[in-house]
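Chemist: show me the folded form of this:
(one chain, ligands or ions: 2)
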Amino acid sequence: TQTTRPQRMLAAVQKNATRGDPRSVVKAIDQFCRQKEWAMNVGDEKGCILDSVVTEVNPETVLELGTYCGYSTVRIASLLPPQAKLITLEFNPGNAAIARQVIAWAGLEDKVELVEGASGDFIPKMKEMFGIKTFDLVFLDHWKDRYLPDTKLMEECGLLRKGSILLADNVICPGTPDYLEYIRNSPRYKSQFFKSHLEYTKVEDGLEKSIFLG
Ligand SMILES: O=C(NCCc1nnc(-c2ccc3[nH]cnc3c2)[nH]1)c1cc(-c2ccc(F)cc2)cc(O)c1O
Ligand SMILES: [Mg+2]
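Modeler: Ligands and ions are numbered 1, 2, ... in the order given. Model prediction:
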């Protein structure tokens, strides 16, 4: 029977990457997406911007919305300090199953809590489920029409503190116009746009980095 693209991506990781070596997992996925099949990972170009933000913030608590196959999960988790925790939310059970194996191949399962479900259901439960008070860094990479409602929900649930950083993928392509309008005009945020390209293509895209001012 026909395999799925995430399954073929995992096979490429298991064939070409070294167990316990996150960089080799990232490289294997980027090679698969460039040479074999495009897939919606943040990719190597935007991935470098993601890496620099993670390194700068040096977060103890991270929330990733939209795990997909775990590519950005591995990039982020590999840069975290020892006690730090990354919670990542995936809606599609099939993708979540692949992501767990990609994260395990990278040897990062102890730093990552992968939750399957809808952001609207889980964001209000973060405190009680994981003992999280606030997030130092949130990486938004899930459904593009959920960025704005979920940002408002995180504000309402008190999950953001003065200085929390939101980093949003795909603000140009596929685009998140309502989120950009809100975050760039809100007095509660200071935003900065990092121009880049849609993963593995020449199509224009970029990341929006926003600091919550409290
Ligand atoms: O849809 C995307 N990413 C979303 C995956 C996801 N993985 N998990 C979720 C989730 C998780 C909890 C949720 N709770 C409620 N909705 C949820 C959705 N969403 C996406 C799409 C593209 C893309 C660009 C150009 C094209 F021609 C086609 C596609 C590029 C990208 O970089 C993306 O990130
Ligand atoms: Mg994306």
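Chemist: how deep is the closest residue to ligand 2 within the chain tucked in, by neighbour count?
Modeler: Residue of the chain nearest ligand 2, by CB to the ion: residue 169 (3.7 Å). Placement of C-beta: from N, CA and C, glycine included. By the measure other CB atoms under 10 Å, the count of residues near residue 169 is 31.
Chemist: ok, now residue 136?
Modeler: Counted with other CB under 10 Å, residue 136 comes out at 17.
Chemist: so how far is residue 49 from the closest residue to it other than its chain neighbours?
Modeler: Spatial nearest neighbour of residue 136, excluding adjacent residues (CB to CB, 6 or more residues apart in numbering): residue 59 at 3.5 Å. Per CB to CB, to the nearest Å, residue 59 is found 16 Å from residue 49.
Chemist: which strands or helices does the helix or strand of the chain with the lowest mean pLDDT pack on?
Modeler: When each helix and strand of the chain is scored by mean pLDDT, DSSP states H and E, helix 126-130 comes last, with a mean of 96. Judged by 3 or more CB pairs under 8 Å, 6 or more residues apart in numbering; DSSP states H and E, helix 126-130 is in contact with strand 85-90.
Chemist: sheet partners, orientation included, of the strand it packs on?
Modeler: strand 61-65 (parallel), strand 112-116 (parallel) (DSSP bridges).
Chemist: for stretch 41-55, output the C-alpha coordinates as CSV.
Modeler: C-alpha atoms of stretch 41-55 as CSV (Å, rounded to 0.1, in the frame of the first residue of the first chain):
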residue,chain,number,x,y,z
ASN,A,41,9.2,22.1,7.1
VAL,A,42,10.5,25.6,8.0
GLY,A,43,13.6,24.6,6.0
ASP,A,44,17.2,25.5,6.1
GLU,A,45,17.1,29.2,5.1
LYS,A,46,14.3,30.2,7.6
GLY,A,47,15.7,27.6,10.0
CYS,A,48,18.9,29.6,10.4
ILE,A,49,16.9,32.6,11.4
LEU,A,50,14.9,30.4,13.8
ASP,A,51,18.2,29.1,15.3
SER,A,52,19.5,32.6,15.9
VAL,A,53,16.3,33.7,17.7
VAL,A,54,16.4,30.5,19.9
THR,A,55,20.1,31.1,20.7
